[in-house]
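**Student:** This is a predicted model, with the sequence first.
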Amino acid sequence: MRTLGGLYELEERVFGMMGHERMKQLLDAVALFNTVFEKEVDNERQN
């Protein structure tokens, strides 16, 4: 069974290519989307 080491190395390479701040912005945008989406789904279920 492979460890997650390779995945972490790939993540660091991508972060290095794009820049850590840009990756943080992208991850924050995804988290915000998920939050808004979950709220909308909950609202639809209540109606």
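**Tutor:** On my side now, so go ahead. Residues are numbered from 1 along each chain as shown.
**Student:** Output the contacting helices and strands for the helix or strand of the chain with the lowest mean pLDDT.
**Tutor:** Here the helix or strand of the chain ranked lowest by mean pLDDT, DSSP states H and E is helix 5-18, holding a mean of 90. Here helix 5-18 touches helix 20-46, going by 3 or more Cβ pairs under 8 Å, 6 or more residues apart in numbering; DSSP states H and E. Backbone N, C-alpha and C define where each C-beta goes, glycine included.
**Student:** Listing request: residues of the chain with sub-threshold pLDDT.
**Tutor:** 1-2 (pLDDT under 70).
**Student:** Mind doing that once more with 80?
**Tutor:** 1-3 (pLDDT under 80).
**Student:** Tell me the spacing between the residue nearest in space to the middle of it and N47.
**Tutor:** Among the residues of the chain, the one closest to the centroid is L27, at 4.0 Å (Cα atoms, centre = their mean). The spacing between L27 and N47, counted by Cβ to Cβ, to the nearest Å, is 31 Å.
**Student:** circling back to that earlier point, between the least confident helix or strand of the chain and helix 20-46, how many degrees?
**Tutor:** 110 degrees (axes from the mean of the first three to the mean of the last three Cα atoms, to 10 degrees).
**Student:** could I have helix 5-18 exported to CSV, CA atoms only?
**Tutor:** Only the C-alpha atoms of helix 5-18 are listed here, as CSV (Å, rounded to 0.1, in the frame of the first residue of the first chain):
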residue,chain,number,x,y,z
GLY,A,5,3.8,11.0,0.7
GLY,A,6,3.5,11.1,-3.1
LEU,A,7,0.3,13.0,-2.9
TYR,A,8,1.8,15.5,-0.5
GLU,A,9,4.8,16.0,-2.8
LEU,A,10,2.5,16.7,-5.7
GLU,A,11,0.5,19.1,-3.7
GLU,A,12,3.6,21.0,-2.8
ARG,A,13,4.7,21.1,-6.4
VAL,A,14,1.4,22.5,-7.5
PHE,A,15,1.4,25.1,-4.7
GLY,A,16,4.9,26.0,-5.7
MET,A,17,3.9,26.5,-9.3
MET,A,18,0.8,28.6,-8.6
